[in-house]
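Undergrad: below are the sequence and a predicted model; questions follow.
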Amino acid sequence: MSTNVNTLQNENCGNNLLKGKRGIIFGALNEKSIAWKVAEKAVAEGASITLSNAPIALRMGEINRLSEKLNAPVVPADATSVEDLTQVFEQSQQLLGGKIDFVLHSIGMSPNVRKGRKYDDLSYEFFEKTLDISAVSFHKMLQVARKLDAIAEGGSIVALTYVAAQRAFTGYNDMADAKALLESITRNFGLLYGPEKGVRINTVSQSPTVTTAGSGVGGFDLFYDVADKMSPLGNASADDCANYCVTLFSDYTKMVTMQNLYHDGGFSTTGMSLAAMEQYEKSRLK
Ligand SMILES: NC(=O)c1ccc[n+]([C@@H]2O[C@H](COP(=O)([O-])OP(=O)(O)OC[C@H]3O[C@@H](n4cnc5c(N)ncnc54)[C@H](O)[C@@H]3O)[C@@H](O)[C@H]2O)c1
């Protein structure tokens, strides 16, 4: 183990929740990425990991910094490619020395959102890409892992999602449909994988978070602010999200599967908050 990793484990005062576990983290683009934080916390909790991202993201170069810091090899993969994903699971087992105990799918992208196409004027070519990158990639990941028998008994697989899968949100566009599909895949694959090997599959439904993907949603600043005011605990940060993911990778949540778990400061079950009403009142009086 490198000195860096030792230092990280000491600095962060981990509790060894993931001691001896092997994991794959998909989707760390830069320091703001939720996956970046999860990778750091997982290693601080004693795990050894590999990192994966699309070749274009790797060319931006930031992931190499994380790789060095965590002593975590990078295996490139376009998450829509079954061949690439096969490489990730095969190589990760070799590099880490055994079957994989946990996987994070932290991948999302909508070409329609990027190009400013509205929900009633979608490009269907883009729509298919949105679904493939943001949802079907999770099915591909799970199918590849299962066929290779790459996941250890009792393993834990987590994907990140958003409450727009359940309720309609202005501006979230075709990503809402992608998240609904992602959550459905989670349930259906969980039903298969649980009985065989005790593998659990869950989604974490996270608050709006300032990241590259998050900020791509139209009017994100306002979106973020309103959600913050509507959440009794405020918006959950990427760091908090990483802590939650680590508990889901740990043995303390062995019996949790096929769930969509809200990590949103209470937003999803709030009807109206005092903070939001006060803000509205201020603007009404202007
Ligand atoms: N930021 C938010 O407000 C928010 C809220 C709820 C859920 N989420 C979800 O969290 C996850 C991570 O997003 P983030 O906010 O950390 O942003 P991010 O931009 O840091 O991460 C998105 C990642 O997806 C990767 N990606 C895109 N296309 C890919 C492909 N073809 N193959 C492999 N990787 C690909 C990107 O390279 C990037 O690393 C996404 O699923 C996102 O929808 C984000």
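TA: That came through, no problem. Residues are numbered from 1 along each chain as shown.

Undergrad: residue nearest the centroid of the chain?
TA: Ser106 (2.9 Å; CA atoms, centre = their mean).

Undergrad: so after the lowest-mean-pLDDT helix or strand in the chain, what's the next helix or strand?
TA: When the helices and strands of the chain are scored by mean pLDDT, DSSP states H and E, helix 3-11 comes last with a mean of 54. Per DSSP states H and E, the first helix or strand lying C-terminal to helix 3-11 is strand 22-26.

Undergrad: for stretch 91-100, the distance to its chain's centre please.
TA: Taking CA atoms, centre = their mean, to the nearest Å, one finds stretch 91-100 lying 21 Å from the centre of the chain it belongs to.

Undergrad: what do you get for stretch 68-83?
TA: 15 Å.

Undergrad: how far does that stretch stretch from start to finish?
TA: Taking CA to CA, to the nearest Å as the measure, stretch 68-83 stretches 26 Å from start to finish.

Undergrad: in it, what counts as buried?
TA: By neighbour count with 16 or more other CB atoms under 10 Å, stretch 68-83 contains the buried residues 69-80. Where you see a C-beta, it was placed from the backbone N, CA and C, and this is true even at glycine.

Undergrad: and Gly171, what are its phi and psi?
TA: Gly171 adopts backbone torsions of phi 90, psi -10, taken as degrees, to the nearest 10.

Undergrad: work out for me the element the residue of the chain found nearest the ligand sits within.
TA: Using CB to the nearest ligand atom, the closest approach of the chain to the ligand is made by Gly214 at 2.5 Å. Element membership for Gly214, per DSSP H and E: helix 212-215.

Undergrad: for that helix, which outside residues touch it?
TA: Residues from elsewhere that reach helix 212-215 (CB atoms under 8 Å, 6 or more residues apart in numbering): 29-30, 32-33, 108-109, 208, 220, 224.

Undergrad: from those residues, which single one is nearest Ile100?
TA: Checking those against Ile100 by CB to CB gives Ser33 as the nearest, at 20.4 Å.

Undergrad: surely that closest one is in contact with Gly27?
TA: Yes - here Ser33 reaches Gly27: they are 6.3 Å apart, a contact under CB atoms under 8 Å.

Undergrad: shared neighbours, those two?
TA: Common neighbours of Ser33 and Gly27, counting by CB under 8 Å, 6+ apart, are Ser106.

Undergrad: which strands and helices sit next to the biggest strand by length in the chain?
TA: Identified as the longest strand of the chain according to DSSP state E is strand 151-161. Applying 3 or more CB pairs under 8 Å, 6 or more residues apart in numbering; DSSP states H and E, we find strand 151-161 packed against strand 100-105, helix 137-147, helix 175-197, strand 200-206, helix 238-249.

Undergrad: that one: which residues count as buried?
TA: Those buried within strand 151-161 under the rule 16+ other CB under 10 Å are 151-152, 155-161.

Undergrad: redo those as a markdown table? Include distance to Phe169 and pLDDT.
TA: Listed next are those as a markdown table, based on distance: CB to CB, whole Å; pLDDT from 0 to 100:
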| residue | distance to Phe169 | pLDDT |
| --- | --- | --- |
| Ile151 | 33 | 98 |
| Ala152 | 37 | 98 |
| Gly155 | 32 | 98 |
| Ser156 | 28 | 98 |
| Ile157 | 26 | 98 |
| Val158 | 22 | 99 |
| Ala159 | 19 | 99 |
| Leu160 | 16 | 98 |
| Thr161 | 13 | 98 |
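
Undergrad: doesn't Glu112 belong to a helix?
TA: Quick fix: residue 112 is Asn, not Glu. Yes - the assignment for Asn112 by DSSP: H, G, I helix; E, B strand; the rest coil puts it in a helix.
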